[in-house]
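Student: Any chance you can model this:
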Amino acid sequence: MRALVYTEPHRSIWTEQPVPVPGPGEVLVEVKAVGICGSDMHAWHGHDERRPAPLVLGHEAAGLVASGPRVGERVAVNPLVVDPGCPVARAGRPHLSPTRAIISMPPRPGAFAEYVTIPERNLLPVPGGLSLRDAALTEPVAVSWHALRIGLERLAAPASEARVLVQGGGAIGLGAALVARHFGAARVSVAEPHPGRRAKVAEEPGIEAFDPGAQDPGADAFDLVIDAVGAVATRRDASRLVRPGGVIVHVGLLPGHEGYDIRRITLQEITVTGSYCYTPEDFAAALEALGEGRLGALGWVETRPLSEGAQAFVDLDAGRVDAAKIVLMAPGGEGV
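Tutor: Numbering: from 1, shown residues only. Sure thing, here's the model as predicted:
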């Protein structure tokens, strides 16, 4: 098979690789659509020791089952592999299990390839009418769904009363804004400095977009802040913009930990919580919402051939992409 292999920092090549062999309880999936995640970019820059080169990256995938009794079924791939017998998994938090592993981290090759293996239990059927391109958005939307869900739980207030700020207009940030709108948030705002991405966000009804470097909503302006960037500047802004008793959900995975105003967080009893991945229920809910069109027209996605993925990484790194998400398509994937 052919695969996009990350070979060294800032370089990937489209080359021949062995077809992976399913292990016990696993199936082979023919990948038809796979998104480029920020974590893929992080690895491509050589900043993720968990993803050493050479390696097939990619974990936001949808395709066709190629082995086992479900052959031919259209499926969305939940890339988070967990021992279902783990006590943490049995307690309902499999995403925090010490057994967790994700495709695109050794020893599991990722989905920037014609085929990938995955436990059969990790596959969800794609609803009729939903394209595999859009089904590949399930994983990032599930990340956003989980962040909004736990943020509202910790806020202990109905979504209809929540003023929500999302920092970052990439796929996770825009996804969080769409989920907040779907949940019925009183106000949904997105802070995004990139003018092209900001324009994409502004096209969404009921969501306001602004440049955080040029516009200041003012202190205490939001009840819930979703930091989908995770930088010093966003942590600093979140500390000021969230109201007393509000909640900050930290989703972004950029390096560093500086920026939070710990004194204000303490004196104003602001809750700061991390959010990692999603539960199987979050994943299923995200796929259902996509299938029912509840997250909008999804016009913020750009598609490119999987074979041209190396250039997509270069263009993303150079800031030449306005779309919140690039989905790489295998031949024939557009019509499946």
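Student: Work out which residue lies at the spatial centre of this protein.
Tutor: Nearest to the geometric centre of the chain sits P140, at 2.4 Å (Cα atoms, centre = their mean).
Student: helices and strands around the longest helix along the chain, which ones?
Tutor: Counting residues, the longest helix found in the chain (DSSP state H) is helix 138-155. If contacts are counted by 3 or more Cβ pairs under 8 Å, 6 or more residues apart in numbering; DSSP states H and E, helix 138-155 sits against strand 60-65, strand 74-77, helix 171-183, strand 222-227, strand 242-250, strand 271-274, helix 280-291. Just so you know, the C-beta spots here come from the backbone N, C-alpha and C atoms, and that holds for glycine as well.
Student: With only the CA atoms kept, save it in PDB.
Tutor: Output of helix 138-155 as PDB, limited to C-alpha atoms (Å, rounded to 0.1, in the frame of the first residue of the first chain):
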ATOM      1  CA  THR A 138     -16.100  13.000  14.100                       C
ATOM      2  CA  GLU A 139     -12.800  12.700  16.100                       C
ATOM      3  CA  PRO A 140     -12.000  16.500  16.300                       C
ATOM      4  CA  VAL A 141     -15.700  17.300  16.900                       C
ATOM      5  CA  ALA A 142     -15.700  14.700  19.700                       C
ATOM      6  CA  VAL A 143     -12.800  16.500  21.400                       C
ATOM      7  CA  SER A 144     -14.800  19.700  21.200                       C
ATOM      8  CA  TRP A 145     -18.000  18.000  22.400                       C
ATOM      9  CA  HIS A 146     -16.200  16.600  25.400                       C
ATOM     10  CA  ALA A 147     -14.700  20.000  26.300                       C
ATOM     11  CA  LEU A 148     -18.000  21.800  26.100                       C
ATOM     12  CA  ARG A 149     -19.800  19.100  28.100                       C
ATOM     13  CA  ILE A 150     -17.400  19.000  31.000                       C
ATOM     14  CA  GLY A 151     -17.100  22.800  31.000                       C
ATOM     15  CA  LEU A 152     -20.900  23.200  31.300                       C
ATOM     16  CA  GLU A 153     -21.000  20.500  34.000                       C
ATOM     17  CA  ARG A 154     -18.400  22.400  36.100                       C
ATOM     18  CA  LEU A 155     -20.100  25.700  35.500                       C
END
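Student: Show me which residues of it are buried.
Tutor: 138-152, 154-155 (16 or more other Cβ atoms under 10 Å).
Student: Run a quick neighbour tally on the nearest residue to the residue nearest to the centre of the chain once chain neighbours are set aside.
Tutor: Nearest-residue entry for P140: A171, 4.6 Å, with adjacent residues in sequence omitted and distances by Cβ to Cβ, 6 or more residues apart in numbering. By other Cβ atoms under 10 Å, the residues close to A171 number 27.
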